[in-house]
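Undergrad: Kindly generate the corresponding structure for this input.
(chains A, B, C and D)
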Protein chains: 4
Amino acid sequence: MTRMRILVWNEGVHEANNHPADIGQYYPDGMHGAIAAGLRRLLPDAEVATATLADPEHGLTTEVLDRTDVLLWWGHAAHDQVDDAVVERVKDRVLAGMGLLPLHSAHFSKIFRTLLGTTCSLAWRNEGEQELVWTVKPSHPIAHGIPHPLVIPQQEMYGELFDIPDPDDLIFISSFAGGEVFRSGVTFTRGKGKIFYFSPGDQEYPVYNQPEIQQVLANGVRWAMPEAEERTPPTVSNPPRQWLI
Amino acid sequence: MTRMRILVWNEGVHEANNHPADIGQYYPDGMHGAIAAGLRRLLPDAEVATATLADPEHGLTTEVLDRTDVLLWWGHAAHDQVDDAVVERVKDRVLAGMGLLPLHSAHFSKIFRTLLGTTCSLAWRNEGEQELVWTVKPSHPIAHGIPHPLVIPQQEMYGELFDIPDPDDLIFISSFAGGEVFRSGVTFTRGKGKIFYFSPGDQEYPVYNQPEIQQVLANGVRWAMPEAEERTPPTVSNPPRQWLI
Amino acid sequence: MTRMRILVWNEGVHEANNHPADIGQYYPDGMHGAIAAGLRRLLPDAEVATATLADPEHGLTTEVLDRTDVLLWWGHAAHDQVDDAVVERVKDRVLAGMGLLPLHSAHFSKIFRTLLGTTCSLAWRNEGEQELVWTVKPSHPIAHGIPHPLVIPQQEMYGELFDIPDPDDLIFISSFAGGEVFRSGVTFTRGKGKIFYFSPGDQEYPVYNQPEIQQVLANGVRWAMPEAEERTPPTVSNPPRQWLI
Amino acid sequence: MTRMRILVWNEGVHEANNHPADIGQYYPDGMHGAIAAGLRRLLPDAEVATATLADPEHGLTTEVLDRTDVLLWWGHAAHDQVDDAVVERVKDRVLAGMGLLPLHSAHFSKIFRTLLGTTCSLAWRNEGEQELVWTVKPSHPIAHGIPHPLVIPQQEMYGELFDIPDPDDLIFISSFAGGEVFRSGVTFTRGKGKIFYFSPGDQEYPVYNQPEIQQVLANGVRWAMPEAEERTPPTVSNPPRQWLI
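TA: Below you'll find the model as predicted:
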């Protein structure tokens, strides 16, 4: 098995603005730092790097993407500031086989919406409600070792209708104290790339510090890891007749 | 049941250019004319209109789309000439519930690619090969009354890999004389809208004059017809806690 | 459109035993009576009949099934008393195209388990909790006209893990006051037959008297209605070479 | 990673009867021997054992299944001689997490039909036609390293309609020289267990000696390997209210 090369991307705007004011207490290295730390703990053989919106080309240059197997993406306040050319570059890489894990409010990121084709809209309410994450596909490797339910003491509510295409796999469904439900762990395939969207995790609650949440992300990264070395998107061909002759 | 309002859109470039030279013989009213005639025969209660690229706003004004339940789309030589604003308008309508039937080379249309998120690339070869269309989901209403296999004497070969997301329903698989296979009848859901892609049909072969092909299209239109009168795409909401109290 | 012929089957054991004691108050004609009344109201052109376990051959003779397009099935206390030969007969009919709506505790019926191949087990708790039924596939005809959420004041809790194969369509997800979630409206295809499982409805709560629940069942019956007149299951064939020659 | 324990089961009737007469030439150790040899070559760290119908309890005792992670199953002439109690035992193990690879004519095995719930019927013709196996889901680990198409010089034709439920993943579609198509590589989940059906392979043609076919089977075994140590099927539970309080 080749070494996995993981990149955790975070817009980093909440952290830069100290918004909320106590974000530096539970995420001293930013959300990307907490996510990367969890991955390093659970996938000790992997290379784990981070990048943010403020980096040149958002830290998503061709060179960086060339050595990335799986990309995690957290965005919220600055979706519109992500350069369209970078989004196209990332999309091309996903179609060529790079794994992608859009997280939480990245449901509204340009990269997620362009890969899915829908509005990706949902219902939300930020009152720090308890979230219960229930496994509905226990055979899936992403569900391995995850408690049923996984309990998140406080989290922003995300509720249906979540406007996404039918996922390949529905792994987790969440309920919230207020009674709403959400398809919180879903997979998609686009081109040669595997996508795992996972909704828990927010700038106001220390969700990414929970070991079970870190386990879900590590499972997701392993699952989204492409098998092939070669990374080209599917393309048109015009073959001659060569079979059945 | 309300009256179905169907719009058959064709770029109309092959017809305008007499390319191929004999297109006017088997499609004297254009491909859109042949498709519309088939639908009028099989869905006598429906309103069937046509539009082409050359019409103002490609014949796809807000007013026209407001009174369209299901849109069929044929394009090939002029995908790039379709105005992006019109594509956005059509996409918005699909997400709001309008049915969409992209046909044959519309696999590369802007509207199909933006709704699916993949390259929609495929293998092709234009040697007038026999195509056999096999039904693999006989319970689906689109398969009702269609022979197994449906035989097309001459058709352009479209072959796998067809770079699309996993469809909601795989209804037809085609084989070609040269040995290739193709997922030739597939459905998707995007937002509230239903999409049926069907690959047989080409500017060089009189496929749309075949009664069985017309039956597939009529079945597809009926299936893609939205149930709801109201046509708004899914949208974000921020509901208060109101349940479980 | 041919006239739909619907059969509502109920084991009828709770009703016969007055268990619970007040079942005759909210279901004076049994659960099958309430379900049939709702279908007659919403599908006035359909024939709606009923049958119970106590009938000869459970009311599911070859003759009866020969004139049934869609069968609804409610069972709970007497799954084991359903004759295996009758189950085989019903299964054969489903594979041949008859629609099937297993309801609530019919998750454990012989017919559902033999068609699905899994244990169909789940979590349950009978404390009369509020159930909220959320639509997650608004384009599906079964969701048409159903409130989001549909509120059931009191209902037995059914929770995940619901051990079923991945459904063709996931239409409804329920939450319960206790925090559990359940895939409460799911479709499957087996052979030529369409299956819609819907979990709300119980012998202790007057759920089948709710107009919205009746609407879901009427939508489900319409969706499961087979298109073809001919009713034979798929079968083996040994065709000669006859194409591509 | 724990060591994979693989069991290749073959009814062994064709081999015992020298039917066809030259089966001993291309399969000197039986089809199970050829399959096991391929797995040992490609999965050198795995334990690979074999068993046949003639063994006590068909070689599928509780003890054997207790130490089996993935079971491959080849059967054709003697499906009816497989003991129902053994089938139930195997089914229980699949639901508890054991992987299962039904091969070729095992489409009609008791274990496959009871897990799928359909007739599993198909069209067939034994004239030694060329089969082309096309990959339609290149992101799937089972497709990794497999040529597109994989060419089988001579093979029995299996054609649609293949009466199976919609698979979780459609990975391969085959075409045959006679023009038929077949969903030749499909996955299912039942309970906690993963199932991969793969149709190429027959007693009359040395298909299991092809390195690419062996690669597909090795990929399939790796994919079907359960993650969890614990092996119990999903079961009913009756939890108290314990959340949201």
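
Undergrad: what bits of chain A have low per-residue confidence?
TA: Filtered on pLDDT under 70, chain A yields the residue ranges A:1, A:245.

Undergrad: What parts of it come near chain D?
TA: A:97, A:130, A:132, A:137-139, A:141, A:144-145, A:149, A:151, A:168-169, A:177, A:189, A:191-194, A:226-228, A:234, A:243-244 (CB under 8 Å from any CB of the partner chain). All C-beta atoms are positioned from the backbone trio N, CA, C, and that covers glycine.

Undergrad: where along chain A do the helices fall?
TA: Taking DSSP state H to define them, one finds helices in chain A at A:13-16, A:23-26, A:30-42, A:62-66, A:84-95, A:110-116, A:211-224.

Undergrad: between those, which one is nearest to chain B?
TA: Distance to chain B, taken as CB to the nearest CB, is lowest for helix A:110-116 among the helices of chain A, at 4.3 Å.

Undergrad: Just confirm yes or no for the closest one near chain C.
TA: No: no part of helix A:110-116 sits near chain C under the criterion CB under 8 Å from any CB; the closest distance found is 14.9 Å.

Undergrad: got a list of contacts for that helix?
TA: With CB atoms under 8 Å, 6 or more residues apart in numbering or on different chains as the test, helix A:110-116 has contacts from A:73, A:79, A:82, A:84, A:87, A:90-91, A:94, A:100, A:102, A:106, A:119-120, A:164-165, A:188, A:190, A:195, A:197, B:114, B:117.

Undergrad: Among these, which are located in strands?
TA: A:W73, A:L100, A:P102, A:F188, A:R190, A:I195, A:Y197 (DSSP state E).

Undergrad: where's the second one relative to A:L42, distance?
TA: This points to A:L100. 19 Å (CB to CB, to the nearest Å).

Undergrad: Name all residues that make contact with the nearest residue to A:H58 once chain neighbours are set aside.
TA: Excluding the flanking residues, the one nearest A:H58 by CB to CB, 6 or more residues apart in numbering or on different chains is A:V86, at 5.4 Å. When contacts are counted by CB under 8 Å, 6+ apart, A:V86 touches A:E57, A:H58, A:L60.

Undergrad: Say whether chain B is contacted by stretch A:203-219.
TA: No: Stretch A:203-219 lies apart from chain B when judged by CB under 8 Å from any CB; the minimum separation is 15.4 Å.

Undergrad: quick one: buried residues of that stretch?
TA: By neighbour count on 16 or more other CB atoms under 10 Å in any protein chain shown, the buried set for stretch A:203-219 is A:203-208, A:210, A:213-219.

Undergrad: hey, C-alpha coordinates of it in PDB?
TA: Extracted in PDB, the C-alpha atoms of stretch A:203-219 (Å, rounded to 0.1, in the frame of the first residue of the first chain):
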ATOM      1  CA  GLN A 203     -17.000  26.500  14.200                       C
ATOM      2  CA  GLU A 204     -19.000  27.000  17.400                       C
ATOM      3  CA  TYR A 205     -18.800  23.500  18.900                       C
ATOM      4  CA  PRO A 206     -15.700  21.400  19.600                       C
ATOM      5  CA  VAL A 207     -17.000  18.500  17.500                       C
ATOM      6  CA  TYR A 208     -13.800  17.800  15.600                       C
ATOM      7  CA  ASN A 209     -12.100  17.100  19.000                       C
ATOM      8  CA  GLN A 210     -14.400  14.100  19.600                       C
ATOM      9  CA  PRO A 211     -12.500  10.800  19.100                       C
ATOM     10  CA  GLU A 212     -15.500   9.200  17.400                       C
ATOM     11  CA  ILE A 213     -15.800  12.000  14.900                       C
ATOM     12  CA  GLN A 214     -12.100  11.700  14.200                       C
ATOM     13  CA  GLN A 215     -12.700   8.000  13.600                       C
ATOM     14  CA  VAL A 216     -15.400   8.700  11.100                       C
ATOM     15  CA  LEU A 217     -13.100  11.100   9.200                       C
ATOM     16  CA  ALA A 218     -10.200   8.600   9.200                       C
ATOM     17  CA  ASN A 219     -12.500   5.800   8.000                       C
END
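
Undergrad: Could you list the residues in contact with that stretch?
TA: Contact with stretch A:203-219 is made by A:14, A:19-20, A:23, A:26-27, A:31, A:34-35, A:38-39, A:41-43, A:72, A:76, A:101, A:103, A:126, A:128, A:141-147, A:150, A:152, A:154-156, A:172, A:185, A:198, A:200-201, as judged by CB under 8 Å, 6+ apart.

Undergrad: A:W124 and A:E160, how far apart?
TA: Distance from A:W124 to A:E160, by CB to CB: 11 Å.

Undergrad: higher neighbour count, the two?
TA: Using other CB atoms under 10 Å in any protein chain shown as the criterion, A:W124 and A:E160 rank with A:E160 on top: 23 against 17.

Undergrad: Wait, the more buried one touches A:F176, no?
TA: No: counting by CB atoms under 8 Å, A:E160 stays clear of A:F176, with 10.8 Å between them.

Undergrad: between the two, what contacts are shared?
TA: With CB under 8 Å, 6+ apart, A:E160 and A:F176 have common neighbours A:F182.

Undergrad: Next one: the closest residue to A:A37 other than its chain neighbours from chain C, what distance?
TA: Nearest residue to A:A37 in three dimensions, chain neighbours excluded: A:D29, at 7.3 Å (CB to CB, 6+ apart). A:D29 sits at a distance of 33 Å from chain C (criterion: CB to the nearest CB, to the nearest Å).

Undergrad: So what does A:G178 have for phi and psi?
TA: Main-chain dihedrals, A:G178, degrees, to the nearest 10: phi -80, psi 0.

Undergrad: Skipping its backbone neighbours, what lies nearest it in space?
TA: B:R241 (4.3 Å).

Undergrad: so how far is chain C from the one you found?
TA: Counting by CB to the nearest CB - B:R241 and chain C are separated by 12 Å.
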